[in-house]
Structure formats: structure tokens, C-alpha cells
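Enquirer: take a look and give me a structure for this.
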Amino acid sequence: MNRYAGIELGGTKAIAVLAQGDAIVERRSIPTGETIATLSALRAILDGWATTAPLAGLGIASFGPIQLGLRDPKFGQILATPKPGWTGAPVSALLSEGLACPMAIDTDVNGAALAEYRWGAAQGCDSLCYLTIGTGLGGGLLIGGKPVHGAMHPEIGHLRLRRVPGDAFAGNCPFHGDCIEGLVSGPALAARFGMDPAKAPDDHPIWHHVAADIAELCCAILLTTSARRILFGGSVALSRAFILPWVREIVVAQLESYLPFVTSEAVGEIIQPAGLGTDAGPLGAIALAQAASR
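Expert: Next up is the predicted model:
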């Protein structure tokens, strides 16, 4: 059975996984600290696995934005990011050059979407969007079972959407203020509530604004991509059991029957929690490794 290596490079921690076929058999986690030290530590893990037995492929699922254009001189590098020291980080070069196996790199959320399509809550559904809301907001998009790329990759978290009337929160995105990441990510909620959002009571009125903002994002995704499924990962959307039901209700009301497939009966299947939990990212890296080896 083929051995595949995967790296999920997140903004807070990085996970290296080794798989036999589809099954993860080894997992190593390190903090995402200084650029060269972090990437060198991950490369040492990969070299150790490759020395033990050949690897059939390497998949890298990285936080972004990241350059994915093969002909671009910055291919595989992190682009402008608020994470200190990581702008320009040569992720693919340091992790893959000299390793005797094919490599594929994509965003962590595109990887997670691919994993959900292969093994999770989107099996049999080849048009989907995977959203994770935590420290930031990322969105991975698959159409026809393939991750979407263009000039870059989707930057769904930085969409600026219609706001709830009377909501004067300015947002906290350093690039765009009140883009959706600047409204509903963990740090945004801390600023919005004026406290740790985990301590905010369920009946706090700001939760209604949060649900409305997330619903606006879902409407934009459904209208622009015709995704059959929107899957939520990350702590924010899943931390309160009432948020996704509110989101579904608002989406149906906002679209006002314009999209015939978004009905009260169907919306629970369209908008739902991701199925793989914390394994979506590592398995996404393995899915990329498998795709690279074909």
C-alpha cells in the first residue's frame, strides 16, 4: 500500500501526517513559530519518513494567501499576511525540494474541502464550499470535484457583504475592516462583545448579528457558485448550537425562493457541520498527496 505524507500548515500549529493508503498511521504536531525553524522542523519529519520507506506523494495544505500559479516566480510562497515573519515564506521549496516524490500544494481550506468530498460530509456532492471560522475565516471551494483556482485561490473571508441595519461595529480586519472575517472571526467577536466570546451569554443580541452576517456569506456563496453544500468547521460557527439553525432560517428568508433548490426542507442538508472535524485539514493534505501521485 502506498505511503503518503501530508503537511497541514496552520497559523497556530502545523501537523505532519503519514498515511498508508487512506488511513493516517502517524501524526506529529508543532507550533507555527518562526518561519525557517518551523519549516525546517517539518522537513526533518518528512525526511525521516522518506528514509524509512519511499513516499508516493507529498501534499501541503497551507494557510494563505499563497501563490499557486505554477509559472509564477513566487509559486508556493505565502503572500501578504498579518502573521509576523511569514510574508514571502517559501513553503513548497523548503518542504519539497529534493524529496523524491511528487508534490501538490493548495490552501488548507481547499484541502479540507477535498477531504470532505472524499471521506466526509460531502461524499457524492462535487460542488461544495468548506468554511472554517476561528482565528480567521477561510473558504475552500470545489466545483466538479476539483479545487477552484484562478489568478489566485478563493479569498472568501475577505468578502464585504450587506450589514445588519444599525450594526455600527467597524470590523477588525487589518486589510478591509468589516469584511466577513473582520466581523465573525474569533478576534472580531472578542472586539464585538468586549469580552471573550466564549463567555458571552446565549441571549446576547450580538449573536443575532453574527448569524445574519454568516447567512449573508452563505447567500453570496450559493448565488455565485451554486454550491450544493456549505460545510462549517472551526470553533465559532459550531460553538453555539443555535447559530447554524438561525443561519439556515435567515438564508431561506433572504433568498426568498429565488434559488429553487434552497427550501426550508432542503436547507438543513445544504448548510451543515463538516463531517471530519479536526481531521479535515490533515486528510486534505493526504488527498493532495494522492492527487499528486496520479
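
Enquirer: in stretch 29-43, which residues are buried?
Expert: By 16 or more other Cβ atoms under 10 Å, the buried positions in stretch 29-43 come out as 32, 35, 38-39, 42-43. For every residue, glycine as well, the C-beta is placed using N, CA and C.

Enquirer: which ones among those residues lie within helices?
Expert: 35, 38-39, 42-43 (DSSP state H).

Enquirer: JSON lines please, covering those residues and showing distance to residue 147.
Expert: Formatted as JSON lines, these follow (distance: Cβ to Cβ, whole Å):
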{"residue": "35", "distance to residue 147": "25"}
{"residue": "38", "distance to residue 147": "24"}
{"residue": "39", "distance to residue 147": "23"}
{"residue": "42", "distance to residue 147": "22"}
{"residue": "43", "distance to residue 147": "24"}
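
Enquirer: tabulate those (TSV), appending distance to residue 80 and pLDDT.
Expert: Shown next, in TSV, are those (distance: Cβ to Cβ, whole Å; pLDDT from 0 to 100):
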residue	distance to residue 80	pLDDT
35	14	97
38	19	98
39	18	98
42	22	98
43	24	98
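
Enquirer: wait, residue 289 touches residue 46, no?
Expert: No: counting by Cβ atoms under 8 Å, residue 289 does not reach residue 46; the two are 11.0 Å apart.

Enquirer: what touches both of the two?
Expert: 5, 58 (Cβ atoms under 8 Å, 6 or more residues apart in numbering).

Enquirer: of these two, who's got more company?
Expert: residue 289 (30 against 21; other Cβ atoms under 10 Å).

Enquirer: between the ones in helices among the buried residues of stretch 29-43, which is nearest residue 87?
Expert: Residue 87 has its nearest neighbour among those in residue 35, at 9.3 Å by Cβ to Cβ.

Enquirer: contacting residues for the closest one?
Expert: 85-86, 89.

Enquirer: next, find the distance separating it from residue 94.
Expert: Distance, residue 35 to residue 94, using Cβ to Cβ, to the nearest Å: 9 Å.

Enquirer: if we can go back for a sec, closest one of the buried residues of stretch 29-43 to residue 166?
Expert: Comparing the buried residues of stretch 29-43 against residue 166 with Cβ to Cβ places residue 32 closest, at 38.3 Å.

Enquirer: quick check, that closest one in contact with residue 15.
Expert: No: counting by Cβ under 8 Å, residue 32 does not reach residue 15; the two are 10.0 Å apart.

Enquirer: mind listing the strands for this structure?
Expert: Assigned by DSSP state E, the strands in the chain fall at 3-9, 13-20, 23-31, 57-62, 103-107, 128-133, 137-143, 146-147, 229-233, 271-273.

Enquirer: make CSV out of these and add mean pLDDT and distance to residue 77.
Expert: As requested, these are exported to CSV (pLDDT from 0 to 100; distance: least, Cβ to Cβ, whole Å):
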stretch, mean pLDDT, distance to residue 77
strand 3-9, 98, 12
strand 13-20, 97, 16
strand 23-31, 97, 20
strand 57-62, 98, 10
strand 103-107, 97, 10
strand 128-133, 96, 22
strand 137-143, 95, 18
strand 146-147, 94, 18
strand 229-233, 96, 25
strand 271-273, 96, 33
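
Enquirer: quick one: closest of these to residue 203.
Expert: Closest among these, using Cβ to Cβ: strand 128-133, at 20.9 Å.

Enquirer: now the contacts of residue 35: which count as buried?
Expert: Buried among those by 16+ other Cβ under 10 Å: 86, 89.

Enquirer: so which of the contacts of residue 35 comes closest to residue 158?
Expert: Distances from residue 158 to the contacts of residue 35, taken by Cβ to Cβ, are shortest for residue 86, at 17.3 Å.

Enquirer: quick one: that closest one from residue 79, how far?
Expert: Distance from residue 86 to residue 79, by Cβ to Cβ: 10 Å.

Enquirer: show the model's pLDDT score for residue 173.
Expert: Model confidence at residue 173, given as pLDDT, is 93.

Enquirer: typed the wrong thing, it's residue 80
Expert: Checking the pLDDT column for residue 80, the value is 89.

Enquirer: pull the contacting residues for the closest residue to it other than its chain neighbours.
Expert: Excluding its sequence neighbours, the residue lying closest to residue 80 (Cβ to Cβ, 6 or more residues apart in numbering) is residue 87, at 5.5 Å. By Cβ under 8 Å, 6+ apart, the contact set of residue 87 is 78-81.
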